[in-house]
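> Structure, please.
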Amino acid sequence: MANNLDPQVLSKAQAWLDGNYDEATKQEVRMLIENNPNELVESFYKDLEFGTGGLRGIMGVGTNRMNIYTVGAATQGLANYLKLNFAGEQIKVAISHDSRNNSRMFAERVADIFASNGFTVYLFDALRPTPELSFAIRQLGCQSGVMVTASHNPKEYNGYKAYWNDGSQVTSPHDVNIIKEVGKVTMEQVLTGKNPENIHILGEEFDKIYLQAIKELSLSPESVAKYNDMKIVYTPLHGAGVKLVPQSLRNYGFNNIICVEEQMVLDGNFPTVASPNPEERKTMAMAIERAEKEGADFAMATDPDADRLGVALRTGKGDYVLLNGNQTLVLLMSYQLTRWAELGKITGKEFVVKTIVTSMMPDAVAEHFGVKCYNCLTGFKYIAKIIREQEGKTKYIGGGEESFGYLPGDFVRDKDGVAAITLVAEAAAWARDTMGITLYEWLQQLYVKYGFFREGLVNVVRKGKDGAAEIQQMMVDYRANPPKSLLGSEVVKILDYKTLEEIDTRTGERKPIEGIEDKSNVLQWLTEDGTKVSVRPSGTEPKIKFYFGVKAPLASVEEFDSTLKALDQKIEGIKKELEL
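Got it, this is the predicted structure:
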């Protein structure tokens, strides 16, 4: 069997058999060589790379898998890079992890390697949300940090998010340069077992500092005081929001928090869901059922590392609608901007941020309030980059992306599910107090005010080596032969973020895309009727994503259902036209 394998794959596998690896790992490699050549190829055909979310992969043996050796090499490479960038300084790092299988083991390995390199290490005593790790880096003056998580991926996955000294995930050129350093590392060079006294444990006292920062984001304490018994259904989906989300809600004054007990159990197998992704209604099913039983206005969830949030709102008919990430973003941003304006806090020097594949509705909302709205590449690290660049010049209010992430306030530099869920609850109390309506009714009113923006998403999954090649070929073909029209509306503009060119299809004129410096393999087609379609290979998963944005005027809330149906039919028509 081994004779038929790719020589490069066999060579890399042999290096593990000959190297300083534990016997159980070597036995697993031998088993793959003899019995599972396809899995051997998937495990060794490449090295794990940093994408938009850092290092992420299926757990197992091999260079393309998450294990103590790939985690070790990544950590030593990061340590070497930190020594180059912060020469002469006492380097400090913070480390946290989620509830996934092996997460604590990986986190302790990271801590050991950093300590052995002479760094001061702050390791949380147990799992904590990603946003608290970002907060800790800033609060403790660290140069870097690591979050062990695969976010909302299936249970087979784990990952490793590397952070820089501003509390954001690493951006260019650091991400590329770290990979170069990682590539130089041999197993013999990974330092372990030294300076355990360098590791300092963070516990509940630090949680209080983070929760206090979130409390200071509060904009409507009077409304919360009136409706502090509002029924709030919450689930952490077996993950890191388990303690801090209920604590943050109580910190604001809410006292009727109904947790989905079966999902409060920390378990990396996520036994009650097929996938721990709050973007999917079936993942939210238990929370929605509990909300129906309790008559709650909404049900909310965080993913395993508590950076993303899912929100299901009760409609006037009594059923529950799971908001997409764009809708959650619009609600939170509209709430913040409305209250900032009412409190006299908008001076003309404030800004919000969203990503290029997110709805165009936040642009309209920001324009209404006279607030600048920046657009950036996909990945929260690019939102953090804009915040960093604007520090000391203008004031950040909030920002987010369509993939269920929002960040209110700038003391964290990544998606913050803890703060976002707390503000959703406060916004609900405020809407009930000041307008006598639910959040869902307010969302409908916002569509009347700004236009009905509707979004859709298709994930085309192509796994493994062949799948990666197929995805790249799809992008080549789209660049060579872009659609001339979408559902009868002419494509008038193409934005190519790989070349950073904006192309006028009518005149052929090409000009640089404004406000974007970093390149990314993303295409956008804009039509005459205001439709936007974005095509983007995922940086962390084996899929290519198609994002759809359509819009129409909404004369009144009474026309909501019919307009929604028409817009959804339009999205389906475009999907069919693109053969998705």
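> quick one: secondary structure of residue 529?
coil (DSSP: H, G, I helix; E, B strand; the rest coil).
> How much space separates the nearest residue to it once chain neighbours are set aside from residue 536?
Take residue 529 and drop its neighbours on the chain: the residue closest to it by CB to CB, 6 or more residues apart in numbering is residue 489, 4.2 Å away. Where you see a C-beta, it was placed from the backbone N, CA and C, and this is true even at glycine. Noted for residue 489: a distance of 21 Å to residue 536, by CB to CB, to the nearest Å.
> so what's residue 302 up against?
129, 235-237, 239-241, 245, 278, 308-310, 417-418, 421 (CB atoms under 8 Å, 6 or more residues apart in numbering).
> wait, which of those is closest to residue 405?
residue 308 (5.4 Å; CB to CB).
> in the helix or strand bottoming out on mean pLDDT in the chain, what counts as buried?
Here the helix or strand of the chain ranked lowest by mean pLDDT, DSSP states H and E is helix 174-184, holding a mean of 87. Using 16 or more other CB atoms under 10 Å as the burial criterion, the residues of helix 174-184 that qualify are 174-175, 178-179, 181-182.
> Packing partners of whichever helix or strand comes after it?
Once the chain leaves helix 174-184, the next helix or strand it forms, by DSSP states H and E, is strand 199-202. Applying 3 or more CB pairs under 8 Å, 6 or more residues apart in numbering; DSSP states H and E, we find strand 199-202 packed against helix 103-116, strand 120-124.
> from what I can see residue 322 touches residue 315, true?
No - the criterion here is CB atoms under 8 Å, and residue 322 misses it with residue 315 at 11.3 Å.
> Of these two, give the one with the bigger neighbour count.
residue 322 (22 against 14; other CB atoms under 10 Å).
> any idea where the helices of the stretch 401-550 of the chain begin and end?
417-435, 439-450, 464-480 (DSSP state H, counting those that start in this stretch).
> Return the member of those helices having the minimum mean pLDDT.
When the helices of the stretch 401-550 of the chain are compared by mean pLDDT, helix 464-480 comes last with a mean of 91.
> Show me what it is packed against.
helix 37-44, strand 452-461, strand 523-527, strand 532-537, strand 543-552.
> for the ones you listed, which one sits closest to residue 404?
strand 452-461 (11.1 Å).
> got the CA positions of that closest one in PDB?
Included here for strand 452-461 are C-alpha records, laid out as PDB according to Å, rounded to 0.1, in the frame of the first residue of the first chain:
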ATOM      1  CA  PHE A 452     -35.600  46.400   3.600                       C
ATOM      2  CA  PHE A 453     -32.200  44.800   3.300                       C
ATOM      3  CA  ARG A 454     -32.200  41.000   3.000                       C
ATOM      4  CA  GLU A 455     -29.200  38.700   2.900                       C
ATOM      5  CA  GLY A 456     -28.500  35.100   2.100                       C
ATOM      6  CA  LEU A 457     -25.600  32.700   2.300                       C
ATOM      7  CA  VAL A 458     -24.600  29.500   0.500                       C
ATOM      8  CA  ASN A 459     -21.600  27.400   1.700                       C
ATOM      9  CA  VAL A 460     -20.300  25.100  -1.000                       C
ATOM     10  CA  VAL A 461     -18.200  22.500   0.900                       C
END
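> Paired strands for it, with orientation please.
Looking at strand 452-461 with DSSP bridges, its partner strands are strand 543-552 (antiparallel).
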